[in-house]
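> missing the sequence, but the structure's below:
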């Protein structure tokens, strides 16, 4: 076409940069569309669960390797300044995707708090507003045996090569599987909930037919799939799971751990460097806590035991713990509203509503303390003696507003990235921006402003920093999400 007046005055160097930038964007836009619509197993069908089989995994790998080869043929010196940033962000995404398949991480499809079988429960929290949505939902239920079968095949292959979740974190994990596997009445399953709540806009006769079909799908597909998974978990997975904690003890463990570092930090650091960062941060926080303990007047049994005595005090004194689940939820809501009053002093965010709900009972025993997303802040009310109130300010800022619950809609760090409409979709919403790499919600000044005016100040003030540095304090090569030795 006819160039614009502005384009006609550009020099040769600018035109070259434009061509390189356009080539990068063409590659990335096409791949991003393929990744979310046409990649094997990734089709966003509303009536089919993801294909996680080996053939689909390898087909995706081939696609991403082809994209990486195309990226490497781009002369990065010809990119504009913005294009160079685009290139660095996008190439990191592709490397992460390739690493995940090459390391066969899909053979370990659950961890110490999340699992593919529990994640199905979140489907039941989406309302069904039309008959077509209900039919698609029933088809998803009918597809559970295929999906679970592929997951079992993958886990079995992982076991065969020593690649599994550590045995140390498996005790009791079968409870959430057994809760479904042992159901006698399909209407008692949480997965039946959306069909119970079908709107009156669907004729009654059709609603009843859909409900019967849903009951049949749960009884004939879902429950048997969970029974098969339970048998595999108890008879094969737990007995054969690795007894080591260290990632390097797994096959290819050294490369696996380095890939995890790149994925979760975007930095090319060694395990030892990551570990040292954690040690340094823990030492810094310890010194800060000692200073505040001095100011508090807490004595303990002796100067030598004072810090340990204080930790014992924090962990055992009833003033720091909710007595009921409702009290914990109310405290979280109170903190969230206090954040509303002060957050504008530190950052300007668009308004975003979110709800606060308890973590579902079937997954609460193994879930994290809280999690936010899609306008919801889940607070874990299971095991109240392990849910100190002084952790709630940092947890709430991270998981609700300005963190994930608000961020994934309009506010928060991740939300701000998503709202930068001048950026390409893969730049705004891609993996590199996931949780702004653990950064959103960690706002030290608002946390300090929400500290209780008593001894809880010590623990509360350090809580936000602990969330960032405690995983770094793991023994080198232990791996993300695994328990530390100290």
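Received, thanks. Predicted model only: the values in this text are computed from it and were never measured. Residues are numbered from 1 along each chain as shown.

> Contacts only, for residue 180.
Listed by C-beta atoms under 8 Å, 6 or more residues apart in numbering, the contact set of residue 180 reads 117, 189, 222, 223, 226, 362. Heads up, the C-betas are built off the backbone N, CA and C, glycines and all.

> Give me the neighbour count for residue 211.
17 (other C-beta atoms under 10 Å).

> Now it: which helix or strand?
helix 204-217 (DSSP states H and E).

> Who are the packing partners of that helix?
Packed against helix 204-217 by the contact rule (3 or more C-beta pairs under 8 Å, 6 or more residues apart in numbering; DSSP states H and E) you find helix 131-142, helix 193-196.

> Report the distance from the helix or strand following it to the chain centre.
Going down the chain from helix 204-217, the next helix or strand is helix 223-232, by DSSP H and E. Offset of helix 223-232 from its chain centre (C-alpha atoms, centre = their mean, to the nearest Å): 25 Å.

> between helix 223-232 and helix 131-142, how many degrees?
Put simply, helix 223-232 runs at 30 degrees to helix 131-142, going by axes from the mean of the first three to the mean of the last three C-alpha atoms, to 10 degrees.

> Beyond helix 223-232, next helix or strand please.
Under the assignment DSSP H and E, the closest C-terminal helix or strand after helix 223-232 is helix 238-240.

> ok, residue 356 to residue 170 distance?
Using C-beta to C-beta, to the nearest Å, residue 356 is found at 31 Å from residue 170.

> Which one of the two is surrounded by more residues?
Shown here are residue 356 and residue 170; by other C-beta under 10 Å, residue 356 has more neighbours (20 against 16).

> my guess is that one is in a helix, correct?
No: in this structure, residue 356 is strand, not part of a helix, as judged by DSSP: H, G, I helix; E, B strand; the rest coil.

> nearest spatial neighbour of it, skipping sequence neighbours?
residue 377 (4.8 Å; C-beta to C-beta, 6 or more residues apart in numbering).

> same check, this time on residue 166
residue 245 is the one closest to residue 166 (C-beta to C-beta, 6+ apart), at 5.3 Å.

> So that neighbour: helix, strand or coil?
On the basis of three-state DSSP, residue 245 is classed as coil.

> if we can go back for a sec, for the residue nearest to residue 356, list the residues it contacts.
332, 336, 354-357, 370-371, 396, 399-400, 404-405.

> so of the helices and strands packed on helix 204-217, which one's packed in deepest?
helix 131-142 (a mean of 19; mean count of other C-beta atoms under 10 Å).

> what's the following helix or strand after the host helix or strand of residue 274?
Under the criterion of DSSP H and E, residue 274 resides in helix 271-296. Downstream of helix 271-296, the first helix or strand assigned by DSSP H and E is helix 306-316.

> So which residues make contact with the helix or strand just after that following helix?
Next helix or strand after helix 306-316 toward the C-terminus (DSSP H and E): helix 325-342. With contact meaning C-beta under 8 Å, 6+ apart, helix 325-342 is reached by 322, 356-358, 370, 377, 379, 381, 384, 387, 389, 392-393, 395-397, 400-402, 446, 449-450.

> Give me the buried subset of those.
322, 356, 370, 377, 379, 381, 387, 389, 392-393, 395-397, 400-402, 446, 449-450 (16 or more other C-beta atoms under 10 Å).

> pretty sure residue 173 is touching residue 233, no?
Yes: if you go by C-beta atoms under 8 Å, residue 173 and residue 233 touch, sitting 7.4 Å apart.

> Low-confidence bits of the chain, can you list those?
Along the chain, the parts satisfying pLDDT under 70 run over 1-17, 38-45, 347-352, 374, 405-486.

> All the strands of it, in order from the start?
With DSSP state E as the definition, the chain shows strands at residue ranges 355-358, 370-373, 376-379.
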